[in-house]
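Enquirer: below are the sequence and a predicted model for it; my questions follow.
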Amino acid sequence: MPVRGGHCKHFAIFCLETLYKLYAEKRKWDCPICNLHLHEIIIDKWILSAIEEKKGSSSNNFTVSFRDTGKWEWKKEEGSDDDNDS
């Protein structure tokens with residue numbers, strides 16, 4: 001799940017599941033990008049919707065480009081035989 005810290009100043013996201021796996025035993029709940037303590041975590045619903053759109057795909061060989069307009073475009077990675085689902 002794409003998330004960011006509620007008090008972070010950056011727009012970069014990180015994976016909540018990965019954060020939990022890495023930090024649960026250490027009980028370290030700091031942003032992996034800016035190191036601020038994570039008092040709250042915000043789900044990036046815009047990026048989540050892009051991920052959900054592609055979830056049923058038979059392949060993970062794609063990249064996504066985000067536009068300033070709020071739209072995104074799927075592109076096949078080099079060497080992929082899958083169709084472009086944009």
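Expert: Looks like it arrived, so ask away.

Enquirer: I43 versus S65, what's the distance?
Expert: Distance of S65 to I43, given as C-beta to C-beta, to the nearest Å: 21 Å. Every C-beta, even on glycine, is put in place using the N, C-alpha and C of the backbone.

Enquirer: these two: which has the busier surroundings?
Expert: Ranked by neighbour count (other C-beta atoms under 10 Å), S65 and I43 place I43 first, with 13 against 10.

Enquirer: beta-bridge partners for the more buried one, please?
Expert: The partner list for I43 in beta bridges (DSSP bridges) reads V3.

Enquirer: that one reaches P2, doesn't it?
Expert: Yes - because the distance of 7.1 Å satisfies C-beta atoms under 8 Å, I43 is recorded as touching P2.

Enquirer: joint contacts of these two?
Expert: In terms of C-beta atoms under 8 Å, 6 or more residues apart in numbering, I43 and P2 are both contacted by the residues L16.

Enquirer: now do the strands in this protein.
Expert: 2-5, 14-15, 41-43, 62-66, 72-76 (DSSP state E).

Enquirer: is it possible to get CSV of the ones you listed that adds mean pLDDT and distance to I33?
Expert: Output for the strands of the chain, formatted as CSV (pLDDT from 0 to 100; distance: least, C-beta to C-beta, whole Å):
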stretch, mean pLDDT, distance to I33
strand 2-5, 93, 8
strand 14-15, 92, 6
strand 41-43, 93, 13
strand 62-66, 76, 17
strand 72-76, 76, 21
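
Enquirer: thanks again, I'm all set now.
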